[in-house]
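1. pasting the sequence and the predicted coordinates here, then a few questions.
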Amino acid sequence: EPEVTQTPSHQVTQMGQEVILRCVPISNHLYFYWYRQILGQKVEFLVSFYNNEISEKSEIFDDQFSVERPDGSNFTLKIRSTKLEDSAMYFCASRPGGSGGGEQFFGPGTRLTVL
Amino acid sequence: AQSVTQLGSHVSVSEGALVLLRCNYSSSVPPYLFWYVQYPNQGLQLLLKYTTGATLVKGINGFEAEFKKSETSFHLTKPSAHMSDAAEYFCAVSAYSGYSTLTFGKGTMLLVSP
């Protein structure tokens, strides 16, 4: 069964460093998402991506964040200069085309620890 | 704007007992509603969803949920808990249009004792 994959499973970085989190969505899906979950808090939407551009973003997704689909298979989230408060589990999700309400398929997440 | 409230961060039941996880939502447009489950060290897996039509929806692993518009609720139930049901459960809402961004509740950890 097709699944969303994410690498690495755990990333440790120093404050101020750049990190890139990688995701491989399900191959025929058209919509892509990043969410994050700070320990003990709810899962929060960061950004959605469709037709090679950002379609929606939350207020969390500031200039320090960027997304890219560089090669038609990978979907990456870059944090330019990490802060302590960026420590969280980051989930990638994808869904097929069609009207809203379709199931989003989630990856296992990348745990980012900023020291 | 949309929001989700899940009552109870932890719910404990005995194996074989009824499971009831509560979810209330707020939405300015007709909502799509979802329950996701997260097992330790895994991603979020869809249990069930309500989009349109029948308000009682059945999902995987014997779970079901009922959409009650008048109560703005979408509570998750299972008649008989199994040890393997121990996990964290998230209720989520999205708009019927747009890019289907999910707004999640804080989650409820279900603990099942023998």
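-> Cool, got the structure.
2. contacting residues around the nearest residue to B:Lys58 once chain neighbours are set aside?
-> Closest residue in space to B:Lys58, ignoring its immediate chain neighbours: B:Glu64 at 4.7 Å, by Cβ to Cβ, 6 or more residues apart in numbering or on different chains. All C-beta spots, glycine's among them, are computed from the backbone N, C-alpha and C. Listed by Cβ atoms under 8 Å, 6 or more residues apart in numbering or on different chains, the contact set of B:Glu64 reads B:48, B:56-58, B:76-78.
3. give me the buried subset of the residues you listed.
-> B:48, B:57, B:76, B:78 (16 or more other Cβ atoms under 10 Å in any protein chain shown).
4. farthest-separated two in those?
-> Pairwise distances across these peak at 13.1 Å for B:Val57 and B:Lys78 (criterion: Cβ to Cβ).
5. what about chain A, any weak spots by pLDDT?
-> In the predicted model, chain A carries pLDDT under 70 at residues A:99-101.
6. list, one by one, the residues from it near chain B.
-> Contacts of chain A with chain B, taken as Cβ under 8 Å from any Cβ of the partner chain, map to A:4, A:31, A:33, A:35, A:41-45, A:48, A:50, A:55-56, A:91, A:93, A:95, A:99-109.
7. any idea how far B:Thr51 is from the nearest residue to A:His29 once chain neighbours are set aside?
-> Excluding the flanking residues, the one nearest A:His29 by Cβ to Cβ, 6+ apart is A:Ser94, at 3.9 Å. Per Cβ to Cβ, to the nearest Å, A:Ser94 is found 18 Å from B:Thr51.
8. tell me how far A:Ser48 lies from A:Gln37.
-> Counting by Cβ to Cβ - A:Ser48 and A:Gln37 are separated by 17 Å.
9. one more: B:Gly107?
-> Taken as Cβ to Cβ, the span from B:Gly107 to A:Gln37 is 9 Å.
10. got it, and A:Ile26?
-> 21 Å.
11. picking up where we left off before, which one's more surrounded, A:Ser48 and A:Gln37?
-> More crowded of A:Ser48 and A:Gln37, by other Cβ atoms under 10 Å in any protein chain shown: A:Ser48, with 25 against 20.
12. in terms of contact, does the more buried one touch A:Lys57 like I think?
-> Yes: between A:Ser48 and A:Lys57 a contact is recorded at 7.5 Å, counting by Cβ atoms under 8 Å.
13. now do the same for the residue nearest to the spatial centre of chain A: helix, strand or coil?
-> By Cα atoms, centre = their mean, chain A has its centre lying nearest to A:Trp34, at 3.0 Å. Following DSSP: H, G, I helix; E, B strand; the rest coil, A:Trp34 is assigned to strand.
14. ok, it touching A:Tyr90?
-> Yes: the pair A:Trp34 / A:Tyr90 is scored as a contact, 6.4 Å apart, by Cβ under 8 Å.
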